[in-house]
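Chemist: for reference, the sequence and a predicted model appear below.
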Amino acid sequence: MAANSKSYPSAGSPTVKSNRTLRSLFAAVLATFSALIGVSSIHAQEATVSMRIDVVAWGSDISGLSFKKGDSNGEITALAFRYSEPISYSGPALMEIYKTGGDSIAKIEMTEEQKEHELIPLIVEETPPAPGEAPPSPLAAELEKRRKDNPNLVALATLPGPSCKRATILLAPAANGTYIAYVIDDDPSKLPPGKLRVHNLSPYEINIRCNGRDAKELKTRNSHIFPPANNTIIYELAYKLENQWVVQENNILSLDPEEQIQMIILKSRNQFFLSAEGAAGGFLQLVTLRRSPKQPQPTQPPTTP
């Protein structure tokens with residue numbers, strides 16, 4: 001029996017040490033490879049694109065913004081949860097956003113409650129963080145590096161490819177006066193006029209049924225396009241809380257067949273959603289953004305960095 005029994009190495013045996021060394025080397029190589037992928041991805045985003053962009057503040061209004069380095073005017077204003085004037089942009093797909101006017105950069109910070117409700121759905125990390133840690137994504141690391149020479153640079157936005165002609169950027173205040181830029185591809189091929197695109201940007205899974213058809217479950221950061229019936233969407237919205245579906249509301253939304261329309265569902269305690277008494281009016285908040293192809297051209301000149 002003894003001759004046929006298997007002998008397992010002890011914790012301090014050379015075999016285990018060798019395995020640990022190999023695993024350490026593999027981890028180091030993998031980390032280096034991942035970093036190189038992140039860097040090459042950043043460089044790939046330097047390709048030139050041209051599109052019209054709507055900037056929406058994911059919180060209070062943000063004034064004094066610019067897409068151009070050295071622009072001291074800062075004429076772009078992102079309105080709270082609604083469209084303002086679109087801006088024509090031509091430049092790198094990795095777009096730089098500066099803040100050169102308006103409120104002080106250090107003045108606008110989110111509360112802990114706002115960070116929990118609003119930032120989590122907007123953060124898209126390339127690699128999962130280790131337990132108890134939140135390492136910056138390659139994009140955040142690139143922003144930090146560029147800000148050393150350009151402190152007025154407050155955000156980087158990865159724009160869709162050259163085929164996209166329209167985009168929405170959601171700007172949420174983050175740490176040290178910077179912003180998280182969440183980009184939505186609104187090219188007509190992705191957002192057809194006359195239909196409704198629903199985004200779940202809340203921290204909760206939602207269930208939405210439109211015009212009595214099969215319900216659609218959307219996890220955080222997922223979206224879906226719903227067709228209208230007679231230019232109308234009758235929807236039922238529910239959210240999952242502690243593994244139970246809770247119905248929030250039944251409502252009607254009119255759709256213009258020539259408009260691009262999207263509904264964004266979020267969780268926010270921003271003043272925009274609160275009554276004079278401080279009530280939010282619902283567990284989740286809804287924002288409807290409408291864009292007409294007939295709207296006038298931007299009054300602001302095209303921006304080329």
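Modeler: The structure has been received and is ready for your questions.
Chemist: now the closest residue to I252 other than its chain neighbours: how far from V287?
Modeler: The shortest distance from I252 to any residue other than its chain neighbours is 5.3 Å, reached at I234 (C-beta to C-beta, 6 or more residues apart in numbering). All C-beta atoms are positioned from the backbone trio N, CA, C, and that covers glycine. The gap separating I234 from V287 is 19 Å, by C-beta to C-beta, to the nearest Å.
Chemist: about what we covered before: mind giving me the packing neighbours of the strand or helix carrying the residue nearest to I252?
Modeler: In this structure, I234 sits in strand 232-241 according to DSSP states H and E. In this structure, strand 232-241 makes packing contacts with strand 206-210, strand 244-254, judged by 3 or more C-beta pairs under 8 Å, 6 or more residues apart in numbering; DSSP states H and E.
Chemist: CA-only coordinates of the helix or strand hosting L286 in PDB, if you can.
Modeler: Using DSSP H and E, L286 falls within strand 285-291. In PDB, the C-alpha atoms belonging to strand 285-291 read as follows (Å, rounded to 0.1, in the frame of the first residue of the first chain):
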ATOM      1  CA  GLN A 285     -36.300  59.100 -11.400                       C
ATOM      2  CA  LEU A 286     -37.000  59.400 -15.100                       C
ATOM      3  CA  VAL A 287     -35.600  61.800 -17.700                       C
ATOM      4  CA  THR A 288     -36.900  62.000 -21.300                       C
ATOM      5  CA  LEU A 289     -34.600  63.600 -23.800                       C
ATOM      6  CA  ARG A 290     -36.100  64.600 -27.200                       C
ATOM      7  CA  ARG A 291     -34.100  65.700 -30.200                       C
END
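Chemist: that strand to strand 244-254, inter-axis angle?
Modeler: Relative orientation of strand 285-291 and strand 244-254, computed by axes from the mean of the first three to the mean of the last three C-alpha atoms, to 10 degrees: 30 degrees.
Chemist: packing partners for strand 285-291?
Modeler: Judged by 3+ C-beta pairs under 8 Å, 6+ apart, the packing partners of strand 285-291 are strand 48-57, strand 260-266.
Chemist: quick check: angle from the following helix or strand past the first one to strand 48-57?
Modeler: So the one you mean is strand 48-57. Using DSSP H and E, the helix or strand that directly follows strand 48-57 along the chain is strand 62-66. If you take the same axes, to 10 degrees, strand 62-66 sits at 170 degrees to strand 48-57.
Chemist: do you know how far G91 is from I53?
Modeler: Separation of G91 from I53 (C-beta to C-beta) stands at 11 Å.
Chemist: the more surrounded of the two?
Modeler: I53 (21 against 18; other C-beta atoms under 10 Å).
Chemist: so the more buried one is in contact with P86, correct?
Modeler: Yes. Shown here, I53 and P86 form a contact pair, counting by C-beta atoms under 8 Å, at 6.4 Å.
Chemist: tell me who's in contact with the nearest residue to N251 once chain neighbours are set aside.
Modeler: Closest residue to N251 in three dimensions, ignoring its sequence neighbours and counting by C-beta to C-beta, 6+ apart: Y235, at 6.1 Å. Counting by C-beta atoms under 8 Å, 6 or more residues apart in numbering, Y235 touches I208, R209, C210, N211, F226, N250, N251, I252, L253.
Chemist: then E217?
Modeler: Neighbour list for E217: E205, I206, N207 [criterion: C-beta under 8 Å, 6+ apart].
Chemist: so what's the second one bridging to?
Modeler: This means I206. L218, Y239 (DSSP bridges).
Chemist: count of neighbours near N211?
Modeler: Other residues within reach of N211, judged by other C-beta under 10 Å, total 14.
Chemist: next up, phi/psi of it, please.
Modeler: phi 50, psi 40 (degrees, to the nearest 10).
Chemist: export the helices and strands packed on strand 285-291 to CSV and tack on mean pLDDT and distance to N200?
Modeler: Shown next, in CSV, are the helices and strands packed on strand 285-291 (pLDDT from 0 to 100; distance: least, C-beta to C-beta, whole Å):
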stretch, mean pLDDT, distance to N200
strand 48-57, 95, 17
strand 260-266, 96, 5
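Chemist: from these, which stretch is densest packed?
Modeler: Of all the helices and strands packed on strand 285-291, strand 260-266 has the most neighbours on average by mean count of other C-beta atoms under 10 Å, namely a mean of 22.
Chemist: so where's the stretch 1-150 of the chain uncertain?
Modeler: The stretch 1-150 of the chain contains residues with pLDDT under 70 at 1-46, 102-110, 113-114, 116, 124-136.
Chemist: and the helices in the stretch 101-250 of the chain?
Modeler: Here the stretch 101-250 of the chain has its helices, by DSSP state H, counting those that start in this stretch, at 112-114, 120-122, 138-147.
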